[in-house]
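[1] got a sequence here, can you build the structure:
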Amino acid sequence: MNLSGLLFREEPSPCGASLWGFVFRNDAFFVGAAMPRTIYLDYNATTPVDPRVLQAMLPYLQGEFGNASSNHRFGQSAQRALRIARRQVAELLNCRSGEIVFTGGGSEASNHAIKGTVARFPDPSHLVISAIEHPATMVPCEYLRSLGHEVTLIPVDGTGLVDPDDVRRPLRPNTRLVSVMHSNNEVGTIQPIREIARIGREASILVHTDVAQSLGKLPIDAEDLGVDLMTVAGHKLYAPKGVGVLYVRRGVQLVSLIHGASHENGLRAGTENVPYVVGLGRACEIAQYDFPESEAKLRQLRERLHSRLREGLDDRIVLNGHPEKRLPNTLNLGFLGRLGSELLASLPDLAASTGAACHDGKVTESPILKAMGVRSEAIHGAVRLSVGRFTTEAEIDEAAEMLIGAVS
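    Sure thing, here's the model as predicted:
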């Protein structure tokens, strides 16, 4: 089957729905499903699989099905595919191929970084993390706390920024790991990871950062950042869900979480998920090729959306997060006087995320916005709008009109 002309296309359908599918160059083949036309502005939650990524994966879901541990032709083909994907990821991160450990996703990678570090020491450890970490970091640390380890939460300012001096102060002889995410998933604030890594290096303490939201939107250079451990999630990068990477700087020792055979240099047992790893490698190659044009496009779309909403709503919205040091695609706004979840519920043709939800008459607030000291009215009305590779200017304008109309 020749997929050289694979691309996305939208076709009209009855009842206001659309058909989305893949079209070959000769226009002779189409696969799709009817769905309402929805403007997708939730790229921080997950990204669609890029058609070019799917094209790279398909051979390894069909004829090239070998186990990379086998020595025959099928296994050797899988081995080559893994080597290529490892190199593609390493080139995007500017690191060595041997420092790439493929995982089942970002959560596994962060769990391995945290638990795999602490497990090396017989005595209780001390960990330092920011107060706005993703649950994939926060919850494993809480679990370790329940086992007798100590965890210090570093505060952030009103824009979500960590002060490196606040990282330095609580360090002690048994501090084993500092973990601060590169950029926040809700407000997009970018942390001073280079300075934090320098503090860890001076104290001989490992530093881990989660770059899941940043990779592909910002340049991520492992050598320049100076971190020891780094988390990557494929589904934030137009690869499938269920594949990720843990970058382990050469010389860093970790205890394996999954025991078995000696896959991934003995750090992660289990037959490699070759199709998904190939997809992640291709996604990294595309991200490297598209940058910096893609960053400029994302920033332009985000600013267009923010400008339209400011024009229409003026002082009825406030920005949550840093005005400059944030992801180029992320816009977190507090719609004052509204509950974000109710606002989005009134707009079924707009897909976005909210910072607060109402259950049984009680409003659940975002812990990240609370840690930033955002006032309750802005937390309750918080909506995260995140643009991506396939977002168009027409969608931005339509989404702005929808939000303005719903608020007004």
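[2] could you tell me how many residues sit around Leu257?
    Neighbour count of Leu257, defined by other C-beta atoms under 10 Å: 16. C-beta coordinates here come from the backbone N, C-alpha and C atoms, glycine included.
[3] the nearest residue to it once chain neighbours are set aside: what's it in contact with?
    If the residues on either side of it in the chain are set aside, Leu257 comes closest to His112, at 5.2 Å by C-beta to C-beta, 6 or more residues apart in numbering. Counting by C-beta atoms under 8 Å, 6 or more residues apart in numbering, His112 makes contact with Val101, Thr103, Leu246, Leu254, Leu257, Leu267, Arg268.
[4] now these as CSV including distance to Ala197, pLDDT and secondary structure?
    Formatted as CSV, these follow (distance: C-beta to C-beta, whole Å; pLDDT from 0 to 100; DSSP: H, G, I helix; E, B strand; the rest coil):
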residue, distance to Ala197, pLDDT, secondary structure
Val101, 19, 98, strand
Thr103, 21, 97, strand
Leu246, 16, 98, strand
Leu254, 17, 97, coil
Leu257, 24, 92, coil
Leu267, 21, 92, coil
Arg268, 24, 94, coil
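[5] using JSON lines, please lay out the residues you listed together with distance to Arg304.
    Listed next are the contacts of His112 as JSON lines, based on distance: C-beta to C-beta, whole Å:
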{"residue": "Val101", "distance to Arg304": "39"}
{"residue": "Thr103", "distance to Arg304": "36"}
{"residue": "Leu246", "distance to Arg304": "36"}
{"residue": "Leu254", "distance to Arg304": "44"}
{"residue": "Leu257", "distance to Arg304": "43"}
{"residue": "Leu267", "distance to Arg304": "44"}
{"residue": "Arg268", "distance to Arg304": "42"}
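[6] closest to Asp123 out of these?
    Leu254 (17.7 Å; C-beta to C-beta).
[7] in three-state terms, label Ala400 for me.
    Put simply, Ala400 is helix when judged by DSSP: H, G, I helix; E, B strand; the rest coil.
[8] what's around it, how many residues?
    Neighbours around Ala400, by other C-beta under 10 Å: 21.
[9] quick check: closest non-adjacent residue to it.
    Arg308 is the one closest to Ala400 (C-beta to C-beta, 6+ apart), at 3.5 Å.
[10] who are the neighbours in contact with the one you found?
    Contacts of Arg308 (C-beta under 8 Å, 6+ apart): Ile396, Asp397, Ala400, Glu401, Ile404.
[11] any idea how far Ser204 is from Pro240?
    Separation of Pro240 from Ser204 (C-beta to C-beta, to the nearest Å) stands at 38 Å.
[12] now Gly116
    18 Å.
[13] between the two ends of stretch 168-179, how far is it?
    12 Å (C-alpha to C-alpha, to the nearest Å).
[14] to clarify, my last question referred to stretch 257-271.
    So stretch 257-271: terminal residues 15 Å apart, C-alpha to C-alpha.
[15] now do the buried residues in it.
    Leu257, His263, Glu264, Leu267, Arg268 (16 or more other C-beta atoms under 10 Å).
[16] where do the helices of the stretch 151-300 of the chain begin and end?
    Along the stretch 151-300 of the chain, counting by DSSP state H, counting those that start in this stretch, helices occupy 164-168, 193-202, 222-225, 274-290, 293-313.
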